[in-house]
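A.B. asks: Based on what follows, work out the 3D shape:
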Amino acid sequence: MSGFFDSGQKINLDQSDVRISAENGLDFSQDQTIGIYIPPSVKYFSGKDSYLQFDAQIAGDVDKAKGSFATRLQLDPNTGANSLFSSLRVYAGNRETLLEENTEYASYVSVKYDYSKTDTEQKKRALREGCGVWTPATAGTLGTTKSIGNNFLYNPFMKVPNAGQGVGPEETLTTEWDNTDFIPAKITIPLHCGVFAENSKVFPNLLTNGCYIELVMAGQRNLFRQMDGVLKERRMRLNPVFFGKDNAGLKITADDEIDAVWCRAGVNNQRDPQSCPFVVGEKINFVKDTKDGSTATTNTITLGKDGYGAVITSITNDGTLLKIGFDTGTKIKVATGMDQATENWFLFSESVSAATEFSPSCKVSNVELICHQIDMGDVYEKKMISKVSQGGVVMFDIPSVGVQTHSQLSSDIQATIPLNLEYSKARGIIALPTDAKLYSTAHQTSATGTYLIRKDAGALYQEDTLNRSNRTGISGVSNGLSKYNFFLHGKMVPSREISTAKTTDKRGGIDAHFISELEKGLLACGIPANSFEEYASNFIIARQLAIGKNAVFDGRGKTARLNCKYEGSVADVNAPSVNTLWKMFIKHTKTLVIKGDNISVEI
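C.D. replies: Model (predicted):
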């Protein structure tokens, strides 16, 4: 008889890392599938301590005949290299029994990363996963919101011009940017699913005859981003500011022909060529800050090198100011006068936005799964196999996410979205409404004409004046939602509708009750609610189904739906503007049942 203070049997665990390469190739590109098999010889592994490792190499697409010029590119700064994958599946070793599936993987990771991030976590993701990070060296000085998508000085995907050399007043950049300026980034990312990063338990790999992981790479359409500090329709006030056509601040008059412009000293940290967000070979233009978010005046530029307009041939510091030069043989012609004394004119990139075709790529190579192997010892292993062979049953819980989708037209101002909660152990719901429109790769990369997140309508001051999404299809859009409620098993929950009118106002605002419900829903889904910074740019609705760490909600046979109301008028800036694709993530617990040679999954 064991005593009250008997600690029971102790197991000495040996731990080691096993490198497993992809079995179907060495290099992968967009829309291809990566397959990795963890053999049963890796008897037990810790999924949360395992990670995927590879090199990611971006290649731009410079084709001046099609309107695409040199520019810096990066992956999504919020999710980093996780955005490379559109879906994830994990099978048992027989490759038939599906243990895990997430067909909206990039969107799910975007919710996790946007709402769970801290400054420390974001810096860690920047080092390991190719995410962006805010840095004072590329920050704005005109009151814009903080951007993690403008770090071109310490970016893992590209070189810094003249890196390692002294930066002095005499420094000049004249070499045109090309694909040799992109460098392979060494990436290590966790796999966000219940078998791996979201499970703290040791997985019994020998009982499932191994595991097979299938990762489908995303297409190019929604994969690449320009720097925020060169875009016209995201944070325009983060861009370099026009000072004059000479270093004395001489204004430009209509139909002037010039071969250089000077930027305002120190504004948005524009001091030397390395701090300039543009590159040699980039096509730029000028836009007037209207201060009220209305349609801004864009200059018309003719002439220029080879007739392409304002293409940068040099970036230099003339001793006092940052100077951007164009072709001296054929000066550019500026149609609209610009006076820096009375107006703010910002420089922005036209390298991508005006392209008729734009096809950048990202090659993934040297793919390896670093599997953290756990040696449980011969005694434990033999005892488990003996129990299974004698008719015993091994049951293993897997935290999982069920994915459902539903389409909604912008004209549906009273929308009813059905939910399938046929899960015996559900915990929470995350509803992510995404823009359903298919934008071109050029417009998506440059945030041209995409979903409008913020706009200053004059009555309220909005920091960025205008901010459009460059993550449409991945992040959530509020689309002018006024209020919502869930209907679960004959009851409206909460008992009163949740107002979101202030939260979805494009001029800014927030609803306390909505944020409270969002926090409870995120925690129920296992996502720490550490940050609400992206509540407008990645809008979601969340609902807690079970209270407590060990509590669950049995949704089998129960009706469920999400009711949404859109009450903005047609002329209102907050009226529904896009068709949406709702992505529903149902957090629940699966049970892996192993009996003899039979493997089944109960939900």
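A.B. asks: list the buried ones in the worst-scoring helix or strand of the chain on mean pLDDT?
C.D. replies: Within the chain, no helix or strand scores below helix 378-389, which has a mean of 73 by mean pLDDT, DSSP states H and E. Residues Met384, Val388 are the ones in helix 378-389 that count as buried (16 or more other C-beta atoms under 10 Å). No exception for glycine: its C-beta is placed from N, CA and C like everyone else's.
A.B. asks: Tell me the helix or strand right after it.
C.D. replies: Going down the chain from helix 378-389, the next helix or strand is strand 394-408, by DSSP states H and E.
A.B. asks: helices or strands next to that next one in the packing?
C.D. replies: strand 98-102, strand 202-204, helix 378-389, strand 414-418, strand 580-595 (3 or more C-beta pairs under 8 Å, 6 or more residues apart in numbering; DSSP states H and E).
A.B. asks: Could you list every helix and strand in contact with the second one?
C.D. replies: Right, the one you point to is strand 202-204. strand 44-59, strand 394-408.
A.B. asks: Show the secondary-structure elements that the helix or strand hosting Ser87 is packed against.
C.D. replies: Ser87 belongs to strand 85-92 when assigned by DSSP H and E. Contacts defined by 3+ C-beta pairs under 8 Å, 6+ apart place strand 85-92 against strand 98-102, helix 105-116, strand 211-217.
A.B. asks: Count the residues that sit near Trp345.
C.D. replies: As a burial measure, Trp345 scores 24 neighbours (other C-beta atoms under 10 Å).
A.B. asks: Setting aside sequence neighbours, what's the nearest residue to it?
C.D. replies: Phe242 (4.0 Å; C-beta to C-beta, 6 or more residues apart in numbering).
A.B. asks: Quick check on that neighbour: phi, psi?
C.D. replies: For Phe242, the backbone dihedrals are phi -60, psi 130 (criterion: degrees, to the nearest 10).
A.B. asks: and it, what does it touch?
C.D. replies: Val261, Trp262, Cys263, Arg264, Phe286, Met338, Gln340, Trp345, Phe346, Leu347 (C-beta atoms under 8 Å, 6 or more residues apart in numbering).
A.B. asks: go on, Thr416?
C.D. replies: Per C-beta under 8 Å, 6+ apart, neighbours of Thr416: Arg561, Leu562, Asn563, Cys564.
A.B. asks: In terms of helices and strands, where is the third one?
C.D. replies: Okay, so that is Asn563. Taking DSSP H and E as the definition, one finds Asn563 inside strand 560-565.
A.B. asks: Note down every partner strand of that strand and its orientation.
C.D. replies: As defined by DSSP bridges, the strand partners of strand 560-565 come to strand 414-418 (antiparallel), strand 483-488 (antiparallel).
A.B. asks: which residues sit against it?
C.D. replies: Here strand 560-565 has contacts from 413-421, 431, 481-489, 497, 541, 582, using C-beta under 8 Å, 6+ apart.
A.B. asks: List buried residues within these.
C.D. replies: For these, buried by 16+ other C-beta under 10 Å: 415, 417, 419, 421, 431, 481-486, 488, 541, 582.
A.B. asks: Can you give me the domain assignment for this structure?
C.D. replies: 228-349, 393-436+473-603 (automatic domain parsing).
A.B. asks: mind listing what the nearest residue to Asp339 once chain neighbours are set aside touches?
C.D. replies: Sequence neighbours aside, Lys251 is the residue nearest to Asp339 in space, at 4.1 Å (criterion: C-beta to C-beta, 6+ apart). By C-beta under 8 Å, 6+ apart, Lys251 lies in contact with Gly244, Lys245, Gly337, Met338, Asp339, Gln340, Ala341.
A.B. asks: Mind picking the two most distant members of the contacts of Phe242?
C.D. replies: Farthest-apart pair in those is Trp262 and Phe346; separation 13.9 Å (C-beta to C-beta).
A.B. asks: ok, back up a step: tell me which of the helices and strands packed on strand 85-92 approaches Lys455 most closely.
C.D. replies: Closest among the helices and strands packed on strand 85-92, using C-beta to C-beta: helix 105-116, at 20.9 Å.
A.B. asks: after that closest one, next one along is what?
C.D. replies: Downstream of helix 105-116 (by DSSP H and E), the next one is helix 119-128.
A.B. asks: gap between that following helix and the chain center?
C.D. replies: In this view, helix 119-128 has its centroid 14 Å away from the chain centroid, taken as C-alpha atoms, centre = their mean, to the nearest Å.
A.B. asks: which of the helices and strands packed on strand 85-92 is buried the deepest?
C.D. replies: helix 105-116 (a mean of 23; mean count of other C-beta atoms under 10 Å).
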